[in-house]
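In: Structure for the following, please:
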Amino acid sequence: MDEKMNPKSEIRKSTISELDDSVVSMPEFFDGIAKIVEQARTHIERSVNVAMCVTYYEVGRLIVEQEQSGANRAAYGKKLLDELSAYLTERCGKGWSVGNLKNARQFYQVYSPSIRQSLISESEIGQLLPAQFVLSWTHYLILMRIKDADSRRFYEIEAASQQWTVRQLKRQIDSSLYERLALSRDKDEVMRLAIEGQTMEKPRDMLKSPLVLEFLDLEQNSAYSESDLELAIIANLQKFLLELGKGFLFEARQKRFAFDEKSFFVDLVFYNRLLQCYVLIDLKTGELHHQDLGQMQMYVNYFDRYVKKDFEKPSVGILLCQEKNDNIVELTLPQDSNIYASEYSLYLPDKALLQRKLAEWTAEFEETHGGNGE
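Out: Model (predicted):
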């Protein structure tokens, strides 16, 4: 009998059709199952990371305590690590090279002072130690090589709160984010960086000195236009948002508005959800002039009067330029202006130079204010 005329075939097709309809009508069910699986994977990954950090911390602690009991610490320490590496490799498998044991020892030496201060008592270390490690072991391998404790603590806070990948953490350290933020703040706010990370409470908090755009792959001394710069930023928007900092959302490029029968264009328009305000960015490939500041003032005024809502904060204007004269900026803009000029760099800054600048700035501030910040 022809299958088209077979009643059983018709029943089978009807059943399949009903099942298909059932599958299509259950996206929420499938989505719920997927979320459970994803949460489980995240939990497993988190548990593995914590277990690794606790293990290396405890291994480092025991190595340090054993080394301290040796007569000749240098010779004894080398022999100890060589023999321990061979023993653990034979008993536990790969992953216990002398280099890894040295990392465990350094991990304990770097983090034990702050961890012991945060623990209530020595007897509770087993229960509370896992809560101290919120990043992966690979993150800590990078962090523990930062000598300055304040800088290291800042990057640890930001990596955790912003969920930086290892690559993003390394990039922020290489770009001297801590030093650039510190040089844009007063002493009290510099101290807050190490305690709270980067805060966004006022427009000036978004500034860095300078903004580093090495990811654009533009040559510092080559001839490129403002349009080239803009296109490069759009092509690397995710990295640019990371460099801008917390809370930035991209809205538009070449945002047009008309006023008095003339058209004007803002290069880049962002919104900062933490500050609840528009952030307008104009790009300048050369030296900044007072006319540029006046033009940005007009842009900000327009957004404040015709775009922003009553609940939103005043708009902020940032002129991103290669070179600026602070005296011209100060003389051109009103003291309560929400407009800022910020230099950018197309290569990673000299970290040692920025560190020296920060040390000199801190020493000068303390000398001027008697060392108490008052």
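In: if I pick residue 138, what's in contact with it?
Out: Shown in contact with residue 138 (Cβ atoms under 8 Å, 6 or more residues apart in numbering): residue 166. For glycine as for every other residue, the C-beta is placed from the backbone atoms N, C-alpha and C.
In: what about it, is that helix, strand or coil?
Out: At residue 138, secondary structure determined by DSSP: H, G, I helix; E, B strand; the rest coil is helix.
In: Correct me if wrong, but residue 222 is in a helix.
Out: No - counting by three-state DSSP, residue 222 is not found in a helix; it is coil.
In: Any idea how many residues pack against it?
Out: Taking other Cβ atoms under 10 Å as the criterion, the count of residues near residue 222 is 8.
In: what do you get for residue 109?
Out: Neighbouring residues of residue 109 were enumerated by other Cβ under 10 Å; the total is 14.
In: any idea how far it is from residue 135?
Out: For residue 109, the distance to residue 135 equals 18 Å [Cβ to Cβ, to the nearest Å].
In: domain ranges for the protein?
Out: When the chain is parsed with automatic domain parsing, its domains come out as 28-138, 211-348.
In: Hmm, residue 105 is touching residue 60, no?
Out: Yes - assessed by Cβ atoms under 8 Å, residue 105 is found in contact with residue 60 at 4.6 Å.
In: Could I get the average pLDDT for the one helix or strand residue 179 maps to?
Out: Under the assignment given by DSSP states H and E, the secondary-structure element containing residue 179 is helix 177-182. For helix 177-182, the mean pLDDT works out to 92.
In: What of stretch 360-371?
Out: Here the mean pLDDT over stretch 360-371 is 70, rounded to a whole number.
In: Quick one: closest of the domains of the chain to residue 194.
Out: The closest of these to residue 194 is domain 28-138. By Cβ to Cβ, the value is 11.3 Å.
In: Next, the distance between the ends of the closest one.
Out: Its first and final residues considered, domain 28-138 spans 36 Å by Cα to Cα, to the nearest Å.
In: Can you tell me what sits against the helix holding residue 179?
Out: By Cβ under 8 Å, 6+ apart, the list of residues contacting helix 177-182 from outside reads 150-151, 154-155, 158, 190, 193, 198, 208-210, 212, 349, 351, 354-355, 357-358.
In: Ok, stretch 248-267 next?
Out: The list of residues contacting stretch 248-267 from outside it, by Cβ under 8 Å, 6+ apart, reads 226, 230, 234, 237, 241, 268-273, 278-283, 298-299, 302, 306-307.
In: State the mean pLDDT of stretch 217-228.
Out: Stretch 217-228 comes out at a mean pLDDT of 85.
In: Distance across that stretch, terminal residue to terminal residue?
Out: With Cα to Cα applied, stretch 217-228 spans 11 Å between its terminal residues.
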